[in-house]
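Q: Provided below are the primary sequence and the corresponding predicted coordinates.
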Amino acid sequence: MRGVKSSKVRPASAFLASRPVRWCGSSLRGLACASLVANIGIIVTGAAVRLTKSGLGCPTWPRCTDESYTTTPEMGVNGVIEFGNRLLTFVLIAIAVACFLGALARGRRSLVRLSVAVALGIPGQGVIGGITVLTNLNPWVVGLHFVLSIALVTGAFALWRRVGEGDGDPVPLVPAPLRQLARVLAAVSFAVIAAGVVVTGSGPHSGDQGAKRNGLDPEQISQVHADLVFLLIGLTVAMWFALRAVQAPAAAVRAVAVLFWVEMGQGLIGFVQYFTHLPVALVAAHMLGSALVWTATLAVMWSLRARPVTPVPAEPSPATASEPVPAA
């Protein structure tokens with residue numbers, strides 16, 4: 001029985017010791033960063049699909065047409081744009097698989113769990129994207145598609161940061177009231193994004209000429225969105241002053257300052273696009289900005305605690321364990 005067990009273990013050990021897997025392990029932080037960038041990037045390419053009215057460039061799913069998995073010349077540029085966005089899913093999957101292999105090579109369960117969560121979210125995102133096509137770009141399903149992208153950005157960011165941390169219990173770096181304020185700030189940040197999704201669902205950029213809208217008043221929803229933005233900026237400023245008052249670590253103060261300036265840039269784009277009747281270039285920049293605001297929010301949350309590295313005690317080898325202990 002021992003021989004059978006070792007024969008099962010050896011292939012797995014050899015696989016983890018292979019050069020590609022070891023490279024993934026040594027490059028895991030860079031791969032996790034690539035996953036974060038790619039998941040933000042697909043938000044922008046998804047915006048391009050909608051803003052060029054290519055949402056139904058491939059009118060069905062999982063095929064592009066009833067007869068073909070790929071776009072055809074008759075479908076024109078809209079088919080190319082939509083099909084190209086679908087192909088990017090395979091890029092995300094390849095990066096996610098590399099992150100998973102790297103996490104296995106590192107031998108840390110926390111990294112493996114995060115890499116699996118991101119990897120499973122990508123095909124889930126593809127399925128929801130297919131449902132948006134099959135429902136003729138229902139604005140609520142399109143909104144869910146965007147929210148899942150934000151969830152994938154969260155997972156990729158967490159994986160990127162956890163690579164450089166230990167697996168010990170989190171150690172708070174600021175008092176409890178400030179951590180509570182940070183949670184409120186994160187909740188409002190997400191609410192801003194969710195309200196922006198609803199605004200988009202009521203606006204003119206539906207992704208296709210015949211796609212329906214959610215039926216809400218764009219001006220009223222935009223006002224709610226703007227009010228939440230002002231609340232978020234106010235909370236960010238309050239957080240900055242509070243951190244300075246308690247002499248928080250410089251990294252935390254810097255993270256809040258970065259969030260503030262990202263919010264200001266995003267707010268400027270939002271107001272300009274509203275008063276210039278939503279030009280497509282500014283709408284695309286605004287969608288990129290929403291992902292950057294959320295990423296900066298996550299950076300603030302991470303800056304308020306640390307995870308120490310907990311060394312694992314080395315197990316004695318059988319030879320060492322069997323050696324007699326000399327008498328004192």
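A: That came in fine, so what should we check first?
Q: going forward, measure contacts between C-alpha atoms and count neighbours the same way
A: Will do.
Q: whatever helix or strand Leu181 lives in packs against which elements?
A: Following DSSP states H and E, one finds Leu181 within helix 176-202. Contact analysis of helix 176-202 by 3 or more CA pairs under 8 Å, 6 or more residues apart in numbering; DSSP states H and E lists helix 139-163, helix 218-245, helix 280-303 as its packing neighbours.
Q: one more time with 10 Å, if that's ok
A: helix 139-163, helix 218-245, helix 250-275, helix 280-303 (3 or more CA pairs under 10 Å, 6 or more residues apart in numbering; DSSP states H and E).
Q: need the ones you listed in a markdown table with mean pLDDT, can you?
A: Output for these, formatted as a markdown table (pLDDT from 0 to 100):
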| stretch | mean pLDDT |
| --- | --- |
| helix 139-163 | 93 |
| helix 218-245 | 94 |
| helix 250-275 | 93 |
| helix 280-303 | 93 |
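Q: how about those helices in TSV, adding mean neighbour count and distance to Gly57?
A: Shown next, in TSV, are the helices and strands packed on helix 176-202 (neighbours: other CA atoms under 10 Å; distance: least, CA to CA, whole Å):
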stretch	mean neighbour count	distance to Gly57
helix 139-163	21	15
helix 218-245	17	26
helix 250-275	18	26
helix 280-303	20	18
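Q: thinking again about what came up before, average pLDDT for the helix holding Leu181?
A: Helix 176-202 carries an average pLDDT of 93.
Q: and Thr60, which of the three is it?
A: coil (DSSP: H, G, I helix; E, B strand; the rest coil).
Q: so it versus Ala299, what's the distance?
A: 38 Å (CA to CA, to the nearest Å).
Q: and the helix holding Leu181, what's buried?
A: Neighbour-count burial for helix 176-202 flags 178-179, 181-182, 185-186, 188-202 (criterion: 16 or more other CA atoms under 10 Å).
Q: over to stretch 57-68?
A: Those would be Gly57, Cys58, Pro59, Thr60, Trp61, Pro62, Cys64, Thr65, for stretch 57-68 by 16+ other CA under 10 Å.
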